[in-house]
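Visitor: Need coordinates for the below:
(one chain, ligands or ions: 2)
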Amino acid sequence: MNFRTEVLLLLYEKAPAKINLTLDVLGKREDGYHEVDMVMTTIDLADRLTFELLQEDVIQIQTYDRFIPNDQRNLAYQAAQLLKETYHVEQGVRMTIQKRIPVAAGLAGGSTDAAAALRGLNRLWQLNLSVDELAQHGAQIGSDVPFCVYGGTARATGRGEQIEHLAAMPHSWIVLVKPAISVSTAAIYGKVDYSILGQHSTEQMVEALNQGDYSTICQAMQNALEPVTFRQYPEVARLKEKMQKMGADAVLMSGSGPTVFAIAKNEERAKRIYNGLRGFCTEVYCVRMGSER
Ligand SMILES: C[C@@](CO)(OP(=O)(O)O)[C@H](O)COP(=O)(O)OP(=O)(O)OC[C@H]1O[C@@H](n2ccc(N)nc2=O)[C@H](O)[C@@H]1O
Ligand SMILES: Nc1ncnc2c1ncn2[C@@H]1O[C@H](COP(=O)(O)OP(=O)(O)O)[C@@H](O)[C@H]1O
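Guide: Numbers count the residues shown, from 1 in each chain. Ligands and ions are numbered 1, 2, ... in the order given. Down below sits the predicted model:
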């Protein structure tokens, strides 16, 4: 047996999920993407990535989740390949992804793994890149990746890659339910009905966050993709109605869905909502808003 150790260094990165507090669609762009104006915030539901330095010039992905690809289709793999090619890195890496964030859920699970890979590999391969440089690289992988590189609470414009940092979401609890369907982000954007886009609420949300005004934050929560996903999957609309009757401060679908979340300032109330939902949904989570590194 060959006991030669090729692992020289071991690092970890936490990869938190995001939710959308608002999502305004402003129009369709010439490049096929949609111009958006939205507020996102990280929550304490996270994947965990482990990085092992390999002397062999390869990228390996290990994951025990059968829904996650372990090759070039994995966004963390794409992040490693991008840094490797751009900075002519001749070392390799084995990335192990412990998945906790539901997949294709509107919670940026793949994007946050890519962002964690950028942060982790910057340290592992000693590239000395700034967070802004990592975010710029992230935009080549996906629209949500720059936000995930920074985390926190931010307004995202353009196709979602232009980030303006905001005051943190006031302390609160969040209950998330992921129905047993997977939603394609591209398909949902593709079916946006411009006649029912409604009023934009991001500006109001930004002001409410700056003032730490929790009740206006709850009132301003809105997502232009909700009607599209609800039309295609009526069970998601029914889930939102059910959650609204359970005493939450606000309820909204995140991103393109299908995850619906309820916000409550009071921990006891959040736990009651969580317990009420656990009876008939398998994927239910109760976590804090924000995320500790
Ligand atoms: C809807 C949102 C809201 O935060 O999140 P998720 O539901 O994915 O979590 C994002 O806009 C998703 O961002 P992300 O998942 O990174 O999208 P990308 O990989 O860049 O694009 C996937 C596809 O979605 C469509 N797309 C994405 C972003 C955008 N501003 N306009 C679009 O039309 C395009 O068809 C694109 O090919
Ligand atoms: N590291 C990853 N984690 C999750 N999904 C990934 C990953 N890499 C690639 N994917 C692919 O990205 C697709 C969207 O997943 P995800 O990012 O979780 O959705 P969303 O953008 O709705 O939050 C999935 O179909 C999955 O196969």
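Visitor: Give me the pLDDT for the most centrally placed residue in the chain.
Guide: Geometric centre of the chain, nearest residue: Ala108, 2.7 Å, by Cα atoms, centre = their mean. On pLDDT, Ala108 comes in at 98.
Visitor: Then the one 4 residues further on?
Guide: pLDDT recorded at Thr112 is 98.
Visitor: And it, its phi and psi?
Guide: Torsion angles at Thr112 (phi, psi; degrees, to the nearest 10) stand at phi -70, psi -30.
Visitor: My guess is it contacts Glu13. True?
Guide: No. Here Thr112 lies out of contact with Glu13, judged by Cβ atoms under 8 Å, at a distance of 9.7 Å. To be clear about C-beta, it is placed using only N, CA and C from the backbone, and glycine gets the same treatment.
Visitor: Quick check on those two: which one has the bigger neighbour count.
Guide: Applying other Cβ atoms under 10 Å to Thr112 and Glu13 shows that Thr112 carries more neighbours, namely 31 against 25.
Visitor: picking that back up, tell me the contacts of the residue nearest to the centre of the chain?
Guide: 17-18, 40, 101, 144, 147-148, 255 (Cβ atoms under 8 Å, 6 or more residues apart in numbering).
Visitor: near ligand 2 too, which of these?
Guide: Counting by Cβ under 6 Å from any ligand atom, Gly255 from these sit close to ligand 2.
Visitor: so of the contacts of Ala108, which ones are in strands?
Guide: Judged by DSSP state E, the subset of those located in strands is 17-18, 40.
Visitor: From Ile163, how far off is the residue nearest to the centre of the chain?
Guide: Here the distance between Ala108 and Ile163 works out to 13 Å (Cβ to Cβ, to the nearest Å).
Visitor: Need the overlap of contacts for those two.
Guide: Common contact partners of Ala108 and Ile163 (Cβ under 8 Å, 6+ apart): Phe147.
Visitor: So what's the residue count around the closest residue to Leu107 other than its chain neighbours?
Guide: Excluding its sequence neighbours, the residue lying closest to Leu107 (Cβ to Cβ, 6 or more residues apart in numbering) is Ala17, at 4.0 Å. For Ala17, the count of nearby residues is 27 (other Cβ under 10 Å).
Visitor: Arg288 now?
Guide: 15.
Visitor: Would you quantify the distance from Glu35 to ligand 2?
Guide: 18 Å (Cβ to the nearest ligand atom, to the nearest Å).
Visitor: Over to Leu49?
Guide: Taken as Cβ to the nearest ligand atom, the span from Leu49 to ligand 2 is 9 Å.
Visitor: next one: Leu121
Guide: Leu121 sits at a distance of 14 Å from ligand 2 (criterion: Cβ to the nearest ligand atom).
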